[in-house]
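Asker: sequence? don't have it. structure:
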C-alpha cells in the first residue's frame, strides 16, 4: 500500500524556504526538523529566492485604495444621514400635540 502524499500550506513552505535561505542550518537538518525531503526544502528555498523581489516590487493594489476611498465616502454618508434622521425626529416630536 502506498503512502498518501502530504499537502503543505503556503505558510509552511515559505517558513521552511526562508529558513533554508538564511543558511543558519544545513538543508538536511531543516528537512529533518520539519519532516520533509531535503530536495523539497531546496526547491522551496529556490522558489523563495526567486519570488522574494516581487514582494517589494509590487505597488499597492489600486482596487484596495479605491475600496478604502469608497468605504470612507460611505461612512461620511452614514454620518450625514444619521444627523438628518436625528434632526427629523426632533422636529417631528415638536409637531406632535
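Answerer: Alright, I've got the coordinates. The model shown is predicted, which means the values in this text are computed figures rather than measured ones. Numbering: from 1, shown residues only.
Asker: quick one: list the elements packing against the helix or strand residue 21 falls within.
Answerer: With elements taken from DSSP states H and E, the one containing residue 21 is helix 10-22. In terms of contacts (3 or more CB pairs under 8 Å, 6 or more residues apart in numbering; DSSP states H and E), helix 10-22 is packed against helix 27-34, helix 38-57. All C-beta atoms are positioned from the backbone trio N, CA, C, and that covers glycine.
Asker: what angle do that helix and helix 38-57 make?
Answerer: Angle, helix 10-22 to helix 38-57, by axes from the mean of the first three to the mean of the last three CA atoms, to 10 degrees: 100 degrees.
Asker: now the angle from helix 10-22 to helix 27-34?
Answerer: 150 degrees.
Asker: where does the prediction get shaky in this structure?
Answerer: Scanning the chain for pLDDT under 70 picks out 1, 60-61, 97.
Asker: from the centroid of it, which residue is nearest?
Answerer: In the chain, the centroid-proximal residue (CA atoms, centre = their mean) is residue 11; its distance is 10.9 Å.
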